[in-house]
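Engineer: The following block contains a protein sequence and its predicted model.
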Amino acid sequence: MAREELLSPDDQPEDAGLLLDEPGLRPKTLSEFVGQSELKGHLGVMLGAAARRREAADHLLFAGPPGLGKTTLANIIAAEMGTNLQVTSGPALERAGDLASILSKLEDGDVLFIDEIHRLPRPVEEVLYPAMEDFRIDVVLGKGPAARSIPLDLARFTLVGATTRTGLITGPLRDRFGLVARLDYYEVDDLQSIAMRAAGILEVDIDEGGAFEIARRSRGTPRIANRLLRQVRDYAEVERDGHISAEVAKDGLSFFGVDELGLDKASRAVLDSVCRRFGGGPVGLSTLAISVSEPTETVEDVYEPYLIQQGLLMRTPRGRVATPAAYAHLGMAPPPATSAGPESQTDLFDSDD
């Protein structure tokens with residue numbers, strides 16, 4: 001794994017072994033799930049009521065940055081209800097027939113999880129409307145003037161959608177979910193508990209201090225905490241005696257380029273570009289993305305949320321602006337308030353981002 005990807009909240013190939021091949025690592029019940037206490041309470045009531053009535057739970061939409069547990073919660077919902085889970089994604093459903101094929105195979109109470117649901121093509125999304133409301137879809141047979149529509153009754157299922165871009169969810173789709181919940185970044189204490197639990201399952205020799213150091217640099221994201229735990233474990237086994245203390249965790253994380261705030265090389269490059277190349281901003285998203293050789297979606301969805309949450313970066317109508325805390329973290333002196341060099345102008349290509 002490249003060091004630049006170490007703190008990416010997106011799934012990495014290496015995560016498959018960490019999350020899927022270790023049966024006990026991914027929480028299977030709400031009681032095992034750490035964090036998101038308010039959402040857990042809401043889910044407990046919804047699932048408990050549905051179980052008592054012996055019917056499918058209401059449709060749910062989970063929103064928030066990647067790596068916070070949206071997929072895990074979909075698995076938990078199916079497990080708590082004792083039903084099957086069918087997993088797909090918005091980009092994978094290219095045609096209405098793709099979705100119709102999946103829907104027709106669901107059984108009563110099954111959970112259909114659609115990741116990146118905001119990327120559903122509009123014709124596919126429109127098939128979901130009657131499926132979610134009436135558990136029925138219309139299947140078109142034939143083409144042209146001879147085409148005819150046949151109604152197809154579906155099993156009463158639960159749709160769980162996940163999105164990192166709430167603003168791209170259309171109103172008609174959003175309104176059909178019984179619960180729309182946003183997952184927040186995790187507190188350090190919760191991440192410490194997650195790291196300790198994972199360490200126990202993976203038989204990693206770690207103490208509370210080591211878990212705390214990993215937790216506070218995990219960018220509020222359980223997926224990153226688990227990934228850092230594995231990296232520090234490797235460092236401890238090769239460079240130390242295998243035990244992960246606070247000191248060993250600090251040294252290991254520094255070795256992999258993760259600083260005190262949990263920023264890696266790529267995140268610091270974004271911050272450094274705003275501060276050094278563009279004089280603190282404002283700078284448009286497209287220009288900033290080009291300056292660090294990253295797609296605009298990666299800068300906006302992966303790097304920016306945590307930088308903003310940490311008070312290092314601001315979004316303004318004219319573009320991205322570095323805060324005094326950003327300069328302090330990079331060990332740079334902020335420019336005079338009145339200075340505005342030619343590179344700190346708004347983006348020539350996108351004045352509205």
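Structural biologist: Alright, I've got the coordinates. Since we're looking at a predicted model, the values are computed, not measured.
Engineer: For the rest of this, base every contact and every neighbour count on C-alpha atoms.
Structural biologist: Fine.
Engineer: Now do the helices in the stretch 151-300 of the chain.
Structural biologist: 171-174, 188-202, 208-216, 222-239, 246-255, 265-272, 285-291, 296-298 (DSSP state H, counting those that start in this stretch).
Engineer: Among those, which comes closest to Ala333?
Structural biologist: Evaluated over the helices of the stretch 151-300 of the chain, closeness to Ala333 peaks at helix 265-272, with 12.2 Å, by Cα to Cα.
Engineer: Report all helices and strands that that closest one contacts.
Structural biologist: Helices and strands touching helix 265-272, as assessed by 3 or more Cα pairs under 8 Å, 6 or more residues apart in numbering; DSSP states H and E, are absent.
Engineer: contact partners of that helix?
Structural biologist: By Cα atoms under 8 Å, 6 or more residues apart in numbering, the residues outside helix 265-272 that reach it are 3-4, 257-258, 288, 292, 299, 303, 307, 312-313, 322, 326, 330.
Engineer: picking that back up, averaging pLDDT over each of the helices of the stretch 151-300 of the chain, which comes out lowest?
Structural biologist: Among the helices of the stretch 151-300 of the chain, helix 296-298 carries the lowest mean pLDDT, at a mean of 88.
Engineer: Can you give the distance from that helix to the centre of its chain?
Structural biologist: Here helix 296-298 is found 14 Å from its chain centre; the criterion is Cα atoms, centre = their mean, to the nearest Å.
Engineer: Excluding its own residues, what touches that helix? List them.
Structural biologist: The contact list for helix 296-298, computed with Cα under 8 Å, 6+ apart, reads 285-286, 289-290.
Engineer: Quick one, which of those residues are buried?
Structural biologist: Listed as buried from the contacts of helix 296-298 are 285-286, 289; burial here means 16 or more other Cα atoms under 10 Å.
Engineer: Below-threshold pLDDT in the protein: ranges please.
Structural biologist: Within the chain, the stretches with pLDDT under 70 are 1-24, 141-144, 146-147, 337-353.
Engineer: Can you give me the domain boundaries for it?
Structural biologist: Taking automatic domain parsing as the domain assignment, the ranges for the chain are 36-182, 188-255, 265-344.
Engineer: And the buried ones among the contacts of helix 265-272, selectable in ChimeraX?
Structural biologist: Only the buried entries of these go into this ChimeraX selection, using 16+ other Cα under 10 Å:
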select :257,258,288,292,299,303,307,312,313,322,326
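Engineer: Between the contacts of helix 265-272, which sits nearest Leu168?
Structural biologist: Of the contacts of helix 265-272, the one sitting nearest to Leu168 (Cα to Cα) turns out to be Val299, at 17.3 Å.
Engineer: Residues contacting the helix or strand where Thr88 lies, please?
Structural biologist: Secondary structure from DSSP states H and E places Thr88 in strand 85-89. Strand 85-89 is contacted by residues 74-75, 78, 110-117 when judged by Cα under 8 Å, 6+ apart.
Engineer: top of those by neighbour count?
Structural biologist: When neighbours are taken as other Cα atoms under 10 Å, the top entry among the contacts of strand 85-89 is Val111 (28 neighbours).
Engineer: Can you give me the distance of it to Thr88?
Structural biologist: Distance, Val111 to Thr88, using Cα to Cα, to the nearest Å: 11 Å.
Engineer: Among the contacts of strand 85-89, which are located in helices?
Structural biologist: Within these, residues falling in helices by DSSP state H are 74-75, 78.
Engineer: And those residues, which is closest to Ala199?
Structural biologist: Checking the ones in helices among the contacts of strand 85-89 one by one against Ala199 (Cα to Cα), the nearest turns out to be Asn75, at 21.7 Å.
Engineer: Next up, the contacts around that closest one.
Structural biologist: Counting by Cα under 8 Å, 6+ apart, Asn75 has contacts 28, 85.
Engineer: Apply 10 Å and report the result again.
Structural biologist: 26-29, 69, 83-87, 111, 113, 160 (Cα atoms under 10 Å, 6 or more residues apart in numbering).
Engineer: Then Leu229?
Structural biologist: Contacts of Leu229 (Cα under 10 Å, 6+ apart): 195-196, 198-199, 202, 204, 206, 210-211, 214-215, 218, 223, 235, 244, 249, 252-253.
Engineer: what separates the most centrally placed residue in the chain from Thr164, distance-wise?
Structural biologist: Taking Cα atoms, centre = their mean, the centroid of the chain lies closest to Pro66, which sits 0.9 Å from it. Noted for Pro66: a distance of 7 Å to Thr164, by Cα to Cα.
Engineer: just to revisit the earlier point, between which two of the contacts of helix 265-272 is the distance greatest?
Structural biologist: Top of the distance list for the contacts of helix 265-272 (Cα to Cα): Arg3 and Ala322, 24.0 Å.
Engineer: so can I have JSON lines of the contacts of helix 265-272 showing distance to Gln36?
Structural biologist: Listed next are the contacts of helix 265-272 as JSON lines, based on distance: Cα to Cα, whole Å:
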{"residue": "Arg3", "distance to Gln36": "29"}
{"residue": "Glu4", "distance to Gln36": "28"}
{"residue": "Gly257", "distance to Gln36": "29"}
{"residue": "Val258", "distance to Gln36": "25"}
{"residue": "Leu288", "distance to Gln36": "33"}
{"residue": "Val292", "distance to Gln36": "33"}
{"residue": "Val299", "distance to Gln36": "25"}
{"residue": "Tyr303", "distance to Gln36": "22"}
{"residue": "Leu307", "distance to Gln36": "21"}
{"residue": "Leu312", "distance to Gln36": "25"}
{"residue": "Leu313", "distance to Gln36": "25"}
{"residue": "Ala322", "distance to Gln36": "30"}
{"residue": "Ala326", "distance to Gln36": "29"}
{"residue": "Leu330", "distance to Gln36": "32"}
